[in-house]
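K.L.:
coords below, sequence missing:
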């Protein structure tokens, strides 16, 4: 039965993608209906898979040769990430019924979303490093296609190309790691690698560890690769909620957690992971504070929160990182979808300086957005409070003091920019033109469910920890029972410190009028933050070099069929020879 559930979790979205595509764009109602049916069915299959978690291979395809076996293992890390991808994917599709009503190329939109959901589920559940890489690349392709969905908008096309190039370059690190595992151990299985990584030469394991860190940083938009994510905000808001907040960007954190047992002893690796998480969390929070674009604020916030998860892995708390990944997926999807409802309701405007006073016209959206913002700030008793406090508690106990101090300041800045965002959009003096209409019924259903999740999913912490502890034999996790864990968080010294810093962040916005001298003194920091601290220039150079290289390779396309066929056949012969020698 478990093998069937795995197949349905991955296969139903792909079958739905094909069905929506074949129906055609002239039958919009049928496309909406089919997309919702297949997405919801896949979500139910993913939820049904959770009780069947374990550490054994449940589905195997014997491909053989160089490719080995394609396996699927429903362990705790995999089944919960697959559930996140499918459930939030279903809610994003439901939201899209109203949001994308009347849009052109609806078949392409839904097909790419459903293809992504299936690939993300495969990425989470596969037991093969090679297949993990394949699914990793499919999610990048879907992300690129959906960022560039409005392909007549130059900014959307540019954002898609940047995201594709940056994440693909990072993915090279994973591909190298997969090939090294195959070369030394003769197998691509993750379990083989985690049980026998000691057989690899020390320098080879070091290359793998930092290669995977580069892949994770690129995928999860961590410094210095983070600038592709704000550019990805040209995608439709349901795409931003699903791919660029709740699922694909979490894949990098998942990768670090998955392979943590093999890399934790590599010299300098955990320190590097800690620094990447700290710098990303702190700098992205500053960038969110100075941005006026509603979706870009949420994008910078996502980078910052992913930094918390990466930091947690660096200080050795895999469980805290994954617990916050779970919480963040819910409240950030809620914030993005609610922001989409706001933008949709006022005719596409994203500048918060042109909003204000929308709470009276959009009371439901205001309420659910506030729930998401409170969870982001880490206010009790929402899910973001428990998971973020658990990270800070482990950081105080197991990490360096300087890193903990930086993360703590980041928590205060998070409260500050979150309060600013809510105030400018919903409560300040109205600055926009025209009337805002309330969110549609399907939008309210999706955001209402997510708001309920932000209020209640922290209650699953005990069963979630038990699931990870029992199904991850190489990680050595020892998670306390749910009630004990909650009691530890409430009584921890780190919690009181963090709440004090959060309160200070809220107070700073409230007293902003009398703190003008401080703002003036820090104006140079704000200027640097508004320019991405120079990393935008760096990433743009990477993109330009890649584009130039691709343009140079166009010379090989002569336009003569005979030469092209010869090149294809010759390349195929070389690949087959390499595979034969490898086998």
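P.N.:
Received it, and whenever you're ready, just let me know what you need. Everything numeric in this text was worked out from a predicted model, so none of it was measured.
K.L.:
my guess is residue 467 contacts residue 74, does it?
P.N.:
No: counting by C-beta atoms under 8 Å, residue 467 sits too far from residue 74 to count as a contact (10.3 Å). All C-beta atoms are positioned from the backbone trio N, CA, C, and that covers glycine.
K.L.:
shared neighbours of the two, which are they?
P.N.:
By the contact definition C-beta atoms under 8 Å, 6 or more residues apart in numbering, residue 467 and residue 74 are jointly contacted by residue 53.
K.L.:
In terms of neighbours, single out the busier of those two.
P.N.:
Neighbour count, other C-beta atoms under 10 Å: between residue 467 and residue 74, residue 74 has more, with 28 against 21.
K.L.:
From residue 282, how far off is the residue positioned nearest the centre of the chain?
P.N.:
With distances taken as C-alpha atoms, centre = their mean, the residue of the chain nearest its centroid is residue 249 (2.2 Å). Plainly put, residue 249 is 18 Å away from residue 282 if you go by C-beta to C-beta, to the nearest Å.
K.L.:
low pLDDT regions in the protein?
P.N.:
In the predicted model, the chain carries pLDDT under 70 at residues 434, 513-524, 526, 538-540, 550, 553-565, 575-576, 578-583.
K.L.:
if we go to 80?
P.N.:
For the chain, applying pLDDT under 80 flags the ranges 64-66, 432-435, 478, 480-483, 485, 509, 511-583.
K.L.:
That one: strands as residue ranges?
P.N.:
Using DSSP state E, the strands of the chain run over 59-62, 69-72.
K.L.:
what's the most buried one of the ones you listed?
P.N.:
Stretch with highest mean neighbour count among those: strand 69-72 (a mean of 20; mean count of other C-beta atoms under 10 Å).
K.L.:
Name the residues of the lengthiest helix in the chain that are buried.
P.N.:
Ranked by number of residues, the top helix in the chain under DSSP state H is helix 154-185. By neighbour count on 16 or more other C-beta atoms under 10 Å, the buried set for helix 154-185 is 156-171, 173-182, 184-185.
K.L.:
now for it, which elements pack on it?
P.N.:
Under the contact criterion of 3 or more C-beta pairs under 8 Å, 6 or more residues apart in numbering; DSSP states H and E, helix 154-185 touches helix 129-147, helix 190-196, helix 202-219, helix 228-231, helix 535-553.
K.L.:
Residue 335: neighbour count?
P.N.:
Residue 335 is flanked by 31 other residues according to other C-beta under 10 Å.
K.L.:
ugh, wrong one, I meant residue 356
P.N.:
17.
K.L.:
Surely it touches residue 430?
P.N.:
Yes: Residue 356 is in contact with residue 430 according to C-beta under 8 Å; the separation is 4.8 Å.
K.L.:
out of the helices and strands packed on helix 154-185, deepest packed?
P.N.:
helix 228-231 (a mean of 26).
K.L.:
Touching that one from outside, list them.
P.N.:
Residues contacting helix 228-231 (C-beta under 8 Å, 6+ apart): 147, 155, 158-159, 162-163, 166-167, 221, 244, 249, 296, 299-300, 302-303, 532, 539.
K.L.:
how about the nearest residue to the residue nearest to the centre of the chain, chain neighbours excluded?
P.N.:
Nearest residue to residue 249 in three dimensions, chain neighbours excluded: residue 220, at 5.3 Å (C-beta to C-beta, 6 or more residues apart in numbering).
K.L.:
which residues does that neighbour contact?
P.N.:
Contacts of residue 220 (C-beta under 8 Å, 6+ apart): 249-253, 306, 309-310.
K.L.:
Turn these into JSON lines, columns for distance to residue 344.
P.N.:
Listed next are these as JSON lines, based on distance: C-beta to C-beta, whole Å:
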{"residue": "249", "distance to residue 344": "23"}
{"residue": "250", "distance to residue 344": "25"}
{"residue": "251", "distance to residue 344": "28"}
{"residue": "252", "distance to residue 344": "30"}
{"residue": "253", "distance to residue 344": "30"}
{"residue": "306", "distance to residue 344": "26"}
{"residue": "309", "distance to residue 344": "30"}
{"residue": "310", "distance to residue 344": "32"}
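K.L.:
Return the member of those nearest to residue 512.
P.N.:
Proximity of those to residue 512, judged by C-beta to C-beta, is greatest for residue 306, which lies at 27.6 Å.
K.L.:
returning to what we had before: out of the strands of the chain, which is closest to residue 238?
P.N.:
strand 69-72 (27.6 Å).
K.L.:
Thanks a lot, see you next time.
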